[in-house]
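Asks: fold the following for me, if possible:
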Amino acid sequence: MRVYNFSAGPAVLPVQALERAAKEMLEHGSSGMSVMEMSHRSKPYEEIHHAAIALLRELMHIPDNYKVLLLQGGASQQFAMIPMNLKKKGKADFVLTGEWANRAYKEASRVLDARVAASSEDRKFACIPDVTDISPDADYLHICMNNTICGTRFTEIPNSGHVPLVADMSSGILSEVFDVSKFGLIYAGAQKNIGPAGVTVVIIREDLLENENAKKLPTFLQYKSHADADSMVNTPPTYAIYMTKLCLEWLKAQGGVAGIQKINEAKAKILYDFLDTSSLFKGIADKSHRSLMNVPFTTGDEAKDKQFTKAALEAGFANLGGHRLVGGLRASIYNAMPTEGVQALVDFMGKFEGA
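Replies: Okay, here's the model as predicted:
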């Protein structure tokens, strides 16, 4: 029996995509083989590869002057690739809103002069700080749009002026409508809302590919190399990209990003409304910056939190423990989490509270 999986990532995938993959496991179309066995240079795989990119372009309304790259290495590799590829004057600004923003900042500090433009660390990252102090000569401004550990998100995109805005969208991409043209570069690990682990999406404005300093980098670490080779400098993560295509097809059938945003807002409201009235469970994030995807909460008692996760798992609700760095509890309610899963969780939380 499938459980309701509230993992922060790798996360729940659409059942329809999993069923389609199961049906095609031994043979994709009339190819006589599984996608996992295909050459990445074969026509059947190339059709999958380019269809995935086309779907992402369609769903996010990506302008023509942006390249879509399907890479490997996760967001963690992008923490290093971004400063190496965008470095011109050797300065970059960072907004610190949690663990992953901090890691991006620290990794960039190895490559260039990284400056903290704003931070909510003094509030234990429970909110998003005002972003007004941007260096006019910065090579880019980096933000993490949605913070999986502390459960906050940018509800307004900072105006960075002529400074390229770079965003880690790993846990928020495709969950709500974003104007891609406001960003110079967007990156996201797939294992939250795009597909399974193994793919990293990079959406980069073409002018940012033309950087003389980047040409000095090893070939595989240059964005331009991947853009020129259609993300096939080496063997791409073929099966993960195939699964990504299936997940994007599912998302399109839900009404696209605008359609899923309405569903996500309704799901989040169910959970937040319960937390706001509960006498046992309390939300962590500031109400004005609450994430639609990751909802951290706690009973205020570590033993009680553990008792809850154990009882929840026995009842069919998996992966409700908080991140190891902060403890507590967390429900990640990504696109593929059905509304009935959130409602069932709230019903169980109410019973646990009243027991």
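Asks: now the residue most central in space within the chain: how far from residue 11?
Replies: In the chain, the centroid-proximal residue (CA atoms, centre = their mean) is residue 170; its distance is 1.8 Å. Remark: distance between residue 170 and residue 11 (CB to CB, to the nearest Å) = 11 Å. (Each C-beta comes from the backbone N, C-alpha and C, glycine too.)
Asks: residue ranges for the helices of the stretch 1-150 of the chain, please.
Replies: Taking DSSP state H, counting those that start in this stretch to define them, one finds helices in the stretch 1-150 of the chain at 15-23, 43-60, 74-86, 99-108.
Asks: how about the second one: buried residues?
Replies: Going by neighbour count (16 or more other CB atoms under 10 Å), the buried part of helix 43-60 is 44, 45, 48, 49, 51, 52, 53, 55, 56, 57, 59, 60.
Asks: same deal with the third one?
Replies: Neighbour counts over helix 74-86 (16+ other CB under 10 Å) mark 74, 75, 77, 78, 79, 80, 81, 82, 83, 84, 85, 86 as buried.
Asks: can I get the CA coordinates of whichever strand or helix holds residue 246 in PDB?
Replies: Secondary structure from DSSP states H and E places residue 246 in helix 238-253. Extracted in PDB, the C-alpha atoms of helix 238-253 (Å, rounded to 0.1, in the frame of the first residue of the first chain):
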ATOM      1  CA  THR A 238      18.700   9.600 -19.500                       C
ATOM      2  CA  TYR A 239      16.100   7.800 -17.400                       C
ATOM      3  CA  ALA A 240      15.700  10.700 -14.900                       C
ATOM      4  CA  ILE A 241      15.100  13.000 -17.900                       C
ATOM      5  CA  TYR A 242      12.500  10.500 -19.300                       C
ATOM      6  CA  MET A 243      10.800  10.500 -15.900                       C
ATOM      7  CA  THR A 244      11.000  14.300 -15.900                       C
ATOM      8  CA  LYS A 245       9.200  14.400 -19.200                       C
ATOM      9  CA  LEU A 246       6.400  12.200 -17.800                       C
ATOM     10  CA  CYS A 247       6.000  14.400 -14.700                       C
ATOM     11  CA  LEU A 248       5.900  17.500 -16.900                       C
ATOM     12  CA  GLU A 249       3.200  15.900 -19.100                       C
ATOM     13  CA  TRP A 250       1.200  15.300 -15.900                       C
ATOM     14  CA  LEU A 251       1.600  18.900 -14.800                       C
ATOM     15  CA  LYS A 252       0.400  20.200 -18.200                       C
ATOM     16  CA  ALA A 253      -2.700  18.000 -17.700                       C
END
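Asks: give me the contacts around that helix.
Replies: For helix 238-253, contacts defined as CB atoms under 8 Å, 6 or more residues apart in numbering pick out 13-14, 16-17, 20-21, 28, 35-36, 38, 40, 45, 48-49, 51-52, 55-56, 58-59, 70, 174, 190, 194-199, 257, 260, 335-336.
Asks: in it, which residues are buried?
Replies: Judged by neighbour count using 16+ other CB under 10 Å, the buried positions of helix 238-253 are 238-251.
Asks: and residue 350, what does it touch?
Replies: Neighbour list for residue 350: 274, 278 [criterion: CB under 8 Å, 6+ apart].
Asks: hang on, it in a helix?
Replies: Yes: assigned with DSSP: H, G, I helix; E, B strand; the rest coil, residue 350 falls within a helix.
Asks: that one and residue 305, how far apart?
Replies: From residue 350 across to residue 305, the span is 17 Å (CB to CB).
Asks: grab the nearest non-local neighbour of residue 39.
Replies: In space, not counting the residues next to it along the chain, residue 39 is nearest to residue 45; the distance is 6.6 Å by CB to CB, 6 or more residues apart in numbering.
Asks: nope, residue 304 is what I was after
Replies: Nearest residue to residue 304, sequence neighbours excluded (CB to CB, 6+ apart): residue 280, at 8.0 Å.
Asks: for residue 185, phi and psi?
Replies: phi -150, psi 140 (degrees, to the nearest 10).
Asks: relative to residue 17, how far out is it?
Replies: If you measure residue 185 against residue 17 using CB to CB, the figure is 27 Å.
Asks: and for residue 333?
Replies: Distance from residue 333 to residue 17, by CB to CB: 18 Å.
Asks: which of those two has more neighbours?
Replies: Between residue 333 and residue 17, counted using other CB atoms under 10 Å, residue 333 has the larger neighbour count: 26 against 22.
Asks: can you tell me how far the more buried one is from residue 260?
Replies: To residue 260, residue 333 is 12 Å away according to CB to CB.
Asks: how about residue 325?
Replies: As defined by CB to CB, residue 325 lies at a distance of 29 Å from residue 260.
Asks: more crowded one of these two?
Replies: A direct count of neighbours by other CB under 10 Å for residue 325 and residue 260 places residue 260 higher, at 24 against 9.
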